[in-house]
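Student: Let me see the structure of the following:
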Amino acid sequence: MGFETPGESFPGSAFYYLADDPYEPLPAEARIRSDAAEPATRFSNSAVVAPGQTARPFLARGGWTDLARAQQCLTMAIYYEAASESDAGQRAVAQVVLNRVAHPSYPNTVCGVVFQGSERTTGCQFTFTCDGSLARRPAPMWWDRASRVARAALAGAVYAPVGMATHYHTVQVHPYWAPSLHHVTTIGAHRFYRWPGAAGQQAAFRAAYLGGEPAAVPHPRAHSRAVPAVLAGSDPASIPIEAAIPTPPADVQGPGTAAPTSDKPPASGSVLPAYQRSGQWLDAALR
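Tutor: Okay, the predicted model is just below:
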């Protein structure tokens, strides 16, 4: 065997050649109950998701560009929001994104949902799109892991434990909107919520995905035209001052200006006497 051949072994290599124990099913009374039959996880303090409260499989439509952009945006959301989470935690984040795509209250594209509100410095729907996290270069191993979860979700995989959840937050914070929503479950470091009443029922998630994905980048920042206040101790001359638009005289009609009364172009200014003969011969004999 390999571990018995000189040069093809290392300390402990014999353990890699041990035969697997034969599979023997447990007695019926001692079988372990699967989480697949019970959507609630062992880390959840919520009730099991009721029948009819599971999201429908995502049905990808559109061209290859749409699919590539959706894959990119969903991977970004999973990576920056739940890179260190378990597979369950990452699948839960992906399901929230796709639940929003299917809800009429949100954009009808994956990238539209992920980057909603990214033009603002605060108030973006997914924090990583406006807090500078995108400046960090993704770690290839963790990015590939998030990409696999995104690919499965876009291929129709549904993560039932989060049901129709459209919101989540980390367990370290308590946002103001949390009491107004219905808590679904807690998975890893995130608490998941759905809309109360009819808005959180499966029937409300009726928007069909038609493609048309925007670019997988944040929206341009919206800048205010208002002049910022002067900081304490700063030089007032540093305040940007907009040039005032001169008011046309009363005798000028319309948006244009009066035409010059001379055929010559308007003078650019006076010339000093020392330079008035510039370009002329100083001595007539040299002509």
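
Student: Might one say that Met164 is in contact with Ala199?
Tutor: No. Taking contacts as C-beta atoms under 8 Å, Met164 lies outside contact range of Ala199: 9.3 Å. (Each C-beta comes from the backbone N, C-alpha and C, glycine too.)

Student: all strands of this structure, in order?
Tutor: Applying DSSP state E to the chain gives strands spanning 167-170, 182-187, 190-194.

Student: who touches the last one?
Tutor: For strand 190-194, the external contacting residues (C-beta atoms under 8 Å, 6 or more residues apart in numbering) are 82, 85, 89, 92-93, 96, 162-171, 178, 181-186, 200.

Student: Met164 and Ala199: who's more crowded?
Tutor: For Met164 and Ala199, the more surrounded residue by other C-beta atoms under 10 Å is Met164, and the numbers stand at 28 against 16.

Student: circling back: tell me which of the strands of the chain is the most buried.
Tutor: Most buried of the strands of the chain, by mean neighbour count (mean count of other C-beta atoms under 10 Å): strand 190-194, with a mean of 24.

Student: Between strand 182-187 and that one, find me the angle.
Tutor: Angle, strand 190-194 to strand 182-187, by axes from the mean of the first three to the mean of the last three C-alpha atoms, to 10 degrees: 150 degrees.

Student: Note down every partner strand of strand 190-194 and its orientation.
Tutor: strand 167-170 (antiparallel), strand 182-187 (antiparallel) (DSSP bridges).

Student: a markdown table please, covering these and showing distance to Gly117 and mean pLDDT.
Tutor: Converted to a markdown table, the strands paired with strand 190-194 look like this (distance: least, C-beta to C-beta, whole Å; pLDDT from 0 to 100):
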| stretch | distance to Gly117 | mean pLDDT |
| --- | --- | --- |
| strand 167-170 | 14 | 94 |
| strand 182-187 | 23 | 96 |
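
Student: so can I have JSON lines of those showing distance to Val110?
Tutor: Formatted as JSON lines, these follow (distance: least, C-beta to C-beta, whole Å):
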{"stretch": "strand 167-170", "distance to Val110": "17"}
{"stretch": "strand 182-187", "distance to Val110": "21"}
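
Student: nearest to Ala155, of those strands?
Tutor: strand 182-187 (21.2 Å; C-beta to C-beta).

Student: low-confidence ranges in the stretch 101-250 of the chain?
Tutor: Low-confidence segments of the stretch 101-250 of the chain, defined by pLDDT under 70: 222-250.

Student: Mind jotting down where the helices sit in this protein?
Tutor: Using DSSP state H, the helices of the chain run over residues 64-82, 87-102, 110-114, 140-154.

Student: I'd like those laid out as a markdown table, including mean neighbour count.
Tutor: Below are the helices of the chain laid out as a markdown table (neighbours: other C-beta atoms under 10 Å):
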| stretch | mean neighbour count |
| --- | --- |
| helix 64-82 | 21 |
| helix 87-102 | 24 |
| helix 110-114 | 26 |
| helix 140-154 | 17 |
